[in-house]
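S.K.: Okay, sequence plus prediction incoming.
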Amino acid sequence: MKLFNKIFSAATGIVLLFCSCQKNFLERPPLAQITVDNFYKSNADLRLATAALYGGSPWFDWQYFPILGIGDVLSGNILQPYNSNLVQLTTFSITPGNEYIANTWRCMYKVIAQTNTVIKAITTRAADSISIASKNAALGESRFIRATAYFHLAQLWGAVPIIEDNTKLIGSPLLPRNITTDVYKFIIGDLAFAVKSLPASDAPGRLTTWAAQGMLAKVYLTRAGLGQNGSRNASDLDSARYFAGNVCNNSGLSLLPSYYNLFRTQYNDNPESLFALQWAPGVGYGIGNGLQAQFASSNVLVPGGGFGGAIGPTADLYFLYTTQDSIRRKATFMLKGDHYPELNAAGGGFTETGDANIKKHIVGTPQDNNAPTTDLWNSVEHNAVLRLGDVYLLYVEAIMGNNATTTDGQALLYFNKIRTRAGVDPVTEIADTTLAKERRIELAFEGQYWFDLVRLSYYNPQSAVDQLNKQQRVGFAYNNGVAAPYVQNLTITPATPATFTMPLPATEVTADPLLSQPPVAYYK
Amino acid sequence: MKKDNQKRRMRRSLVLLCFLLSVLYGAGQGGSPATRKITGTVLSATDKKPVAGASVVLKGATTGVQTDEKGQFAINAKDRDILVISSIGYVSGEMTVGRRSVLEVMLQEYSSTLDQVVIGYGHAPRKDITGSIASVSGEEIRKTQPVTVDQALQGKVAGVVIQQVSGQPGGGVSVQIRGLSSFNNNPPMYVIDGVIIGGAAIDGTGTNPLSSINPSEVASIDILKDASATAIYGSQATNGVVIITTKRGKVGAPTVTYDGYYGRQKLPHTYSVMNLRDYAGFMNDKSTIIGYDFRPQFANPQYLGAGTNWQKALFRAAPMQNHSVTVSGGDARTQYLLSGTYFSQDGIAQGSDFKRTSIRLNLDNKTTDWLKVGTSLQLANVTENVNATGSNVINTALTQTPEVNVKNPDGSWGGNDPNIYGAYALNPFAMANIVKNLKKRYQLFGNIYAEVAFTRDLSLRNEASGSFDFGTEDQFTPTYVMGPIINTVNSATYQSAQNFYTTVRNYLTYNHYFTKGISLNALLGHEAQVSTYSNNSSSRKNFPSNNVQAINSGDATTATNNGDKQQSAQESYFGRVFVGYHDKYLLTVNLRDDGSSKFAPGRRWVTTWSGALAWRVSNEAFLKDFTAVNDLKLRVGYGLTNNQNIGNYTYGATLTTIATGLSGYSQLTSNLPNASVKWETTKSFNIGLDGTLLRKKITFSVDYYDRTTDGLLLSVPLPLYSGTIPNTGYSPGALAAPNENVGSVRNHGFDLSIASTNVETKNFSWRTNLTVSHNINKILSLNSGNDALYGYIGNVIAAKTVVGRSIGEFWGYQTDGIFQSASDFKSHPAIPANTTTGVLLPITPGTGGIWLGDVMFRDRNKDGVINEKDQTYLGSPLPSFQFGFNNTFTYRNFDLTVFFTANTGNKVLDQLNINGQDPNQNFGYFKSVTNYTRIAMIDPAGSTTDVNNFMVTNPGTKITRISQSSGNDNTRISDRYVEDGSFIRCKNLTLGYSFSPKLIAKARLSALHIYANVNNPFIITKYSGMDPEVGSYNPLLVGVDNGFYPQPRVYTVGLNLTFNK
């Protein structure tokens, strides 16, 4: 009996043991996430993978501050006088420890890492059943976005490491910088592929060949001055003219009739928008568009945020606007007494009470945008990285080439389209200085002006330096229609040609001593 | 793959073991009628004093008698009866009655050197142990009134480094056994009554998964330190094993004990910060220098008050209390212990508290003479308010400035003046009180077992155990106005999560004493573990009122939700053989095979092994007559253990669904996979000597160990251009860094513990217990292509790990004070340059330049420029020596305990000084900033740009100048922020009184002890921050004080009492 009991209890144990030890006991794939092994099976999968590159967390570090910190504070469009990292930008005293410089570096490389991952997955894993055209279109999107990130890096630092496959960093993580010309060559390679692979039209917000051609024109136009003295490389100018002209004349796209509406969320991804960051609402800090929280002047506009009360346009920018140029002025910054009925509409609109504050990117409350899940850190504005208006002016610049003025018909046509929409008089001749001023006004607070100056600095550093050094980089009091610039309290170090190259982040130089060595060729 | 198949075959062919749940029953048999009266005395074996209230039961009976205050008892028994004598605090004894009618029974006291040691899948007499195992008794733990079990071990065990990660109630502790041998956060394995403790379902900053265990229920803690001891636990045990055994019922009449205490906690130290007058004066100076931000209300600082001291506002004297009732007893068949505990602690910081209610049931039942079944069950409910008190609560208190009121006269919350430049900080007091962040955990730790004795020697034990953790987190942010910061949208998030960790194990034990003096103990077993985790959370906004906080009350159109699910599994086969020869020569061999789901197929299985020899020298004939030596044992062990502490499925890549404005949702790659990642292996050698000397007045244990870990697993911090982020950092959109086997590290050193009875007279005794640990940590190789691994504070490198040095040494610049005159620029010509262009920065008061009042960084390589090549090692955060020193004095019925801990040789980086001492930030300032470098012109009519015309009017200051745009990066990591972290801390001071049994017998009490206790009464240290004991979960960056919730000083009174019947 006793023996029987023992055997019985042992048998019970056997059953339980079998329950715990199935055949694939140690095979434990993730339960809540897709793995790369079971993804990339259809074109729909590829579309989901590339959609993640258009905005969200990989772009957060850039959007959070540097887009305007570098694009407009450093270039003298915006004054932000207290945040010491931004004060360094205003005063040309950027240290290697500057947080926004490091974040910009980190951000662009995160975008590169994510695009590299998608590119590698599509080329090595995508199912054979997906058409070549679909694969190429997805690769085109990824390579366009990668090129955009490298283009930012090249313009800010010149020589930077080129990374195509991040898995190669496992085991050999330390890279040298690659020479600037090779970085541009790499960018052009990516964009040329995108031009061929992307469709002529797609869902709103998706990249098309026109976006790729516009971006490629901009890269050629920028590279045209690289290493040149006084004039630009004719071949690159021709390429820029060719691609920009193609977009202007053959894309079938046209400017949005209202400049003001360009920056309203109801007009997100309008036909003028060639590449805009695709921000989503309700996603939380670190994933969404935080521009409103940082730059809006009042928490009436951004519940819980609106830290930008002390931020505004510089006197230098303000005085560029003629009285006639009020549409663009009011869409770019608010002056005391300005009323915006669509901002905080439920509260009767918003009236500016300070002297001058940022307007562009300020889109109002969640109700104003019909986006109830949004909070201060996720504005639903899809801010454009490249828009048709920009390409029109690039086209004009490419046509003008190495001349100081132009009366070319195409140039005048597109230049005047920009002016007419803004409600200012058309011109009959364009000088390089009027073009530069037009770009600065048209694209103010869109993170562009610094890069225009960098483009100029490549072939005419003195002119770029002079533009910076004669600026009135101060705020102003605004009463009864009269602006009175404040006395300059910040001591501003005069800009030099070296100002156009950012210091490498201190952390990176420590982590990778090879970065301090002279850059090497990427293409052998 | 081949190996996996082989394992499967092995599994099938394994002798399959059994498991049975039986109904507990415990019918006892009454005494037989043919009995006679036996009388006896029960005495303590140590001091020969009578033991009152001991229970004396006939074996097999359910009832018995108790000893009186003289230790005497009378019972009816037969010659062949066996008496079972037990008492709390003593090892139970048995005695056959025989023909005697008067008996004397000696009971052995439980002491710090417990006689039985838990060794994993069994226990063994301490005398037979061959590995390095330290034990702490429950009695010892209760003396310091620790809140959590891991705090209880602090300073008690040589070789175990325990550092507070947060002093928050129930907060986290980092525990290392014998040095940092792993790069990932690797606590030791915790096993409580056979239950391997998995993580908490919801944890966050400073929350401790062990916090739901009541230290007063602990019978003993055994710490397995060397490979020969830990190998039986296999892959989870590389960093040591902490085995916690809770008390169990003993044969005897029911005993009821009550332990209770009440305490008050205080912040021992505050930072000296500017008051309002200091601040106003400073801001006036600052606005004059930088040219803006002048505040009319500060025109006459002398008329202002002191303003708000945010540390005083945020910290309070806070109560804590604990009440615990235990009922235990049993008869020869069934023993039980049932206890209930309530513990509550308010945090010294506003908005933090901790409450724990737990019930424990331990049951053992001898069902038949061949079957024993039992269970250990603990149910716990923990409620924590962790609102606004992450690990950096002090930091929060230092961010706000003194001119802001806690509350304005009209009752509204204070906030910054909206018309000024600078930071808009939240009101930390308000945030601590109005924001809700409530965490609740319901935990079930359970173990059920059935033990089948096939023969007297061979038995089979089946166990099923699990740690089931259910957690919720309830967060609500109300609308509020704090000056310019207005939150018009309230919001709530509710999260619930489950973390289950289940184990089924079966093992055979064979125990035999051969007649030739050979004893054999063999073990063979199998274990399977599965861990699953899932959570989901939902959020809404726009609640109709701040008082309506349930998630369903929010605006449904704002609803968002999220969730996650994870799993992992492990399977193991293990065996152990112990052979003893004449009680002189002892041998232990362990072997274990582990398979883990965390590695790619083909890399899953690994073998762990160890062997150890011990020689009980004292049992040799040549020492037999040497009475000074009571016991002496030499141990030598060597083994190889393996570690798998990485995330699930890092060998493959996963994609995460994220929202996008483009197509609604999208798939973003989460990590950079590394399919070739494999087990981390540690080879360790240990030699030790245990002894008891001078009539057991001195016991000691000393060990030398040498551990080398290869294939160190790490989520590697690569340069930023990799687009990756290690699991210790934050960088939105980055790929999780790959796990790699990055290198090897050696830890060697010694542990020493000595317990001695210094004085022992009739009325007075003095005992001391000293532990000393010394560890040397050195990286032997790094093979990931990195010259070094870095510890990052945000984007800033603060520590560097390289071959030939210890893990995580601080890294930065040396400084030579502050530029005070033009001559300093001649003696220290090196200044920083633009990192890209190499152009030296100008000497100018203008922007981007270097000027008087900037820090003189040392040009270590004498190349005339300050750049990254001038960085150097600024010291190690790892202590070289750690001490624990405990003194217990007794005089008649009084007892006094004084316990010290000390660390030497470690450095602490005081991150608070980086901001607090920087005159150019916009938050609160340390008082020392009032002495910022003041610069004046020598000739007021002279040059305004020539440094020769300037002087510093307060030479000798350590605070830099006021300048918004110095090019010098004065706050870069440097020796200015690294301090000596050595300390001697009086950890505990306790005075107690035990009432004489005679006095309390009238109240039917058998023991009553009252005490008063001070925790952390004082500390001796050069460290200028709040508390030099700072732990970390990131080994590459330890010893960084970012405003830790400091360990409070606690004043406690308490009592322990025992009733019998």
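M.R.: On my side now, so go ahead. Because the structure is predicted, anything quoted here is derived from the model rather than measured.

S.K.: where does residue B:209 land on pLDDT?
M.R.: pLDDT, residue B:209: 56.

S.K.: Revised request: answer the last question for residue B:140.
M.R.: For residue B:140, pLDDT reads 74.

S.K.: contacting residues around residue B:282?
M.R.: Listed by Cβ atoms under 8 Å, 6 or more residues apart in numbering or on different chains, the contact partners of residue B:282 are B:274, B:919, B:925, B:929-930, B:932. Yep, even glycine has a C-beta here, placed from its N, CA and C like the rest.

S.K.: May I see these arranged in JSON lines, with neighbour count as well?
M.R.: As requested, those are exported to JSON lines (neighbours: other Cβ atoms under 10 Å in any protein chain shown):
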{"residue": "B:274", "neighbour count": "23"}
{"residue": "B:919", "neighbour count": "23"}
{"residue": "B:925", "neighbour count": "26"}
{"residue": "B:929", "neighbour count": "24"}
{"residue": "B:930", "neighbour count": "17"}
{"residue": "B:932", "neighbour count": "25"}
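
S.K.: quick one: average confidence on the longest helix along chain B?
M.R.: If you go by DSSP state H, chain B has its longest helix at helix B:276-290. Averaging pLDDT along helix B:276-290 yields 86.

S.K.: who touches the residue lying farthest from the centre of chain B in this structure?
M.R.: Farthest-out residue of chain B from its mean C-alpha position, per Cα atoms, centre = their mean: residue B:941, at 63.2 Å. If a contact means Cβ under 8 Å, 6+ apart, then residue B:941 has no contacts.

S.K.: gap between it and residue A:305?
M.R.: 49 Å (Cβ to Cβ, to the nearest Å).

S.K.: Next up, the contacts around residue B:157.
M.R.: The contact partners of residue B:157, taken as Cβ under 8 Å, 6+ apart, are B:134, B:136, B:223, B:753, B:771, B:884.

S.K.: so which of the contacts of residue B:282 are also by chain A?
M.R.: Contacts with chain A are made by none of those, judged by Cβ under 8 Å from any Cβ of the partner chain.

S.K.: rewinding a little: now for the contacts of residue B:157, which pair is the farthest apart?
M.R.: By the measure Cβ to Cβ, B:223 and B:884 form the most distant pair in the contacts of residue B:157, at 13.2 Å.

S.K.: Counting neighbours, go ahead and name the busier of these two.
M.R.: The residue with more neighbours, out of residue B:223 and residue B:884, is residue B:223; 25 against 22, by other Cβ atoms under 10 Å in any protein chain shown.

S.K.: end-to-end on stretch B:381-396?
M.R.: End-to-end span of stretch B:381-396 (Cα to Cα, to the nearest Å): 29 Å.

S.K.: Report pLDDT for whichever residue of the stretch 101-250 of chain A sits closest to chain B.
M.R.: Of all residues in the stretch 101-250 of chain A, the one sitting closest to chain B is residue A:113 (2.4 Å; Cβ to the nearest Cβ). pLDDT recorded at residue A:113 is 96.

S.K.: For it, which residues are in contact?
M.R.: For residue A:113, the contact set (Cβ under 8 Å, 6+ apart) comprises A:163, A:166, B:672, B:722-724, B:734-735.

S.K.: For it, which non-adjacent residue is spatially closest?
M.R.: In space, and not counting its chain neighbours, residue A:113 is closest to residue B:723: 2.4 Å by Cβ to Cβ, 6 or more residues apart in numbering or on different chains.

S.K.: Just confirm that neighbour contacts residue A:109, I think it does.
M.R.: Yes: if you go by Cβ atoms under 8 Å, residue B:723 and residue A:109 touch, sitting 4.8 Å apart.

S.K.: Identify the contacts common to those two.
M.R.: Shared contacts of residue B:723 and residue A:109 (Cβ under 8 Å, 6+ apart): residue A:163.

S.K.: any chance you could map the helices in chain B?
M.R.: Going by DSSP H, chain B shows helices at B:2-13, B:138-143, B:149-152, B:227-230, B:276-290, B:310-314, B:393-399, B:428-434, B:621-624, B:822-827, B:911-916, B:997-1001.

S.K.: Need these in a markdown table (columns: distance to residue B:962).
M.R.: A markdown table is the format used below for the helices of chain B (distance: least, Cβ to Cβ, whole Å):
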| stretch | distance to residue B:962 |
| --- | --- |
| helix B:2-13 | 67 |
| helix B:138-143 | 53 |
| helix B:149-152 | 44 |
| helix B:227-230 | 57 |
| helix B:276-290 | 5 |
| helix B:310-314 | 23 |
| helix B:393-399 | 19 |
| helix B:428-434 | 26 |
| helix B:621-624 | 75 |
| helix B:822-827 | 19 |
| helix B:911-916 | 15 |
| helix B:997-1001 | 69 |
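
S.K.: winner for burial among the ones you listed?
M.R.: Highest mean neighbour count of these: helix B:227-230, a mean of 31 (counted as mean count of other Cβ atoms under 10 Å in any protein chain shown).

S.K.: So what touches that helix?
M.R.: Defining contact as Cβ under 8 Å, 6+ apart, one finds that helix B:227-230 is touched by B:119-120, B:129-133, B:224, B:237-238, B:240-241, B:588, B:590, B:610-612, B:637-641, B:682-684, B:686, B:707.

S.K.: Where strands are concerned, which of the residues you listed count?
M.R.: Counting by DSSP state E, the contacts of helix B:227-230 place B:133, B:224, B:241, B:588, B:590, B:610-612, B:637-641, B:682-684, B:686, B:707 in strands.

S.K.: In ChimeraX, how would I select the buried members of those?
M.R.: Buried members of the ones in strands among the contacts of helix B:227-230, defined by 16 or more other Cβ atoms under 10 Å in any protein chain shown, are picked up in ChimeraX with:
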select /B:133,224,241,588,590,610,611,612,637,638,639,640,641,682,683,684,686,707
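
S.K.: returning to that earlier point: farthest pair within the contacts of residue A:113?
M.R.: A:163 and B:734 (13.7 Å).

S.K.: Tell me which of these two has more neighbours.
M.R.: residue B:734 (26 against 19).

S.K.: Can you check the pLDDT for residue A:149?
M.R.: pLDDT, residue A:149: 97.
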